[in-house]
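# Sequence plus predicted model, see below.
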Amino acid sequence: MPAQDLMSKTASNIDTAGSGFYFAPETLEKGKEAGLDGFRLYFLGRGGVMGDVNANVVQSAFGYFNPELLTSMWTTGAETMPAREAAALYWDCAAEYGRMKLGEVEGLAEFCEAAETILNATECDGLPLFAGIMSMPLAEDLPARAYQLTATLRELRGSAHLAAVRAAGLTPREAHAFKRPEMLEMFGWTEEFPIGDDVEAKLEKAEKMTDAALDCCYSALDEAAEKAFVEGTQAIAEACTA
């Protein structure tokens, strides 16, 4: 099938499932044991794949947060644990989440093969957060590995989309205010923010540019792999939201 159709069939499931471990009770407990609350573990664990960098580097990769909030969470979190160590802890949490949620899911071997084909066909230029997560070692057991791959696929599209949002003439805050206005405060934005009449059209343009940027890697699958990938993402999303 055309790569755009493949992305259309799977993007929502990848987005939903790939973030499932972020604030899962088990993840929060691991963070607490390490001296990190859930929000600091999220910033440090997710951004730490890029190493012990300045908060501005993390902001450039995350995009949608108020820089003041991100800087505070990143710097105070790093006082407790080095970023790269937090990334390893967070990655282990992703693996454990996969073991907890995906143990009964069928077809994970075929899904993993298809997902790795897509990821290995992707060039990391301009996608620093994706490049960072690609440096993390994958678990050997299928439930953990399949979930880590799902989280990686989420970072792939998210990284490409953030670049596309900018290229479409939007700020990440504008895009966020239009798509998820109910989450603005959680992302650190407390003041009212006007949304221009052209934001929706620009976001549609950004989605098309995101698809175009990922066309090559999603085109790497043959028909059998496409089927396994679509069915796998569906099954994984259903298991993660059950």
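Right, received. Where do you want to start? Numbering: from 1, shown residues only.

# looking at the protein, which helix or strand does the model trust least?
helix 172-179 (a mean of 86; mean pLDDT, DSSP states H and E).

# Tell me the buried residues in the helix or strand following it?
Downstream of helix 172-179, the next assigned helix or strand under DSSP states H and E is helix 199-218. For helix 199-218, the neighbour count (16 or more other C-beta atoms under 10 Å) marks 199, 202-203, 205-207, 209-211, 213-214, 217-218 as buried. C-beta coordinates here come from the backbone N, C-alpha and C atoms, glycine included.

# before we move on, what about stretch 47-56?
Residues 47-50, 53, 55 are the ones in stretch 47-56 that count as buried (16+ other C-beta under 10 Å).

# what does that stretch rub up against?
Contact with stretch 47-56 is made by 57-58, 61-62, 67, 70-71, 74-75, 78, 82-88, 90-91, 128-129, 131-133, 135-136, as judged by C-beta atoms under 8 Å, 6 or more residues apart in numbering.

# Buried subset of these, written for PyMOL?
To isolate the buried members of the contacts of stretch 47-56 in PyMOL, using 16+ other C-beta under 10 Å:
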select buried, resi 57+58+61+62+70+71+74+78+83+84+85+86+87+88+90+91+128+129+131+132+133+136
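
# Run a quick neighbour tally on Asp197.
By other C-beta atoms under 10 Å, 6 other residues sit near Asp197.

# pLDDT of the helix ranked longest in the chain, averaged?
When the chain is parsed with DSSP state H, its longest helix is helix 142-167. Summarised as a single mean, pLDDT over helix 142-167 is 97.

# Show me how far it is from its chain's centre.
For helix 142-167, the distance from its own C-alpha centre to the chain's C-alpha centre is 4 Å (C-alpha atoms, centre = their mean, to the nearest Å).

# Run through the residues that contact Gln59.
65, 67, 70-71.

# so which pair among the buried residues of stretch 47-56 is furthest apart in space?
Val49 and Ala55 (15.0 Å; C-beta to C-beta).

# What count of nearby residues applies to Glu68?
Using other C-beta under 10 Å, Glu68 has 12 neighbouring residues.

# circling back to that earlier point, what angle do the least confident helix or strand of the chain and helix 142-167 make?
110 degrees (axes from the mean of the first three to the mean of the last three C-alpha atoms, to 10 degrees).

# Can you pull out the residues in contact with helix 172-179?
Outside helix 172-179, the residues within contact range by C-beta under 8 Å, 6+ apart are 63-64, 162, 165-166, 183-184, 187, 189, 193, 195-196, 199-200, 203, 206.

# What residues of that helix count as buried?
So helix 172-179, judged by 16+ other C-beta under 10 Å, has buried residues 172-178.

# Now tabulate those in a markdown table and tack on distance to Arg40.
Compiled in a markdown table, the buried residues of helix 172-179 are given as follows (distance: C-beta to C-beta, whole Å):
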| residue | distance to Arg40 |
| --- | --- |
| Pro172 | 21 |
| Arg173 | 22 |
| Glu174 | 27 |
| Ala175 | 25 |
| His176 | 21 |
| Ala177 | 25 |
| Phe178 | 28 |
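
# Noted, bye for now.
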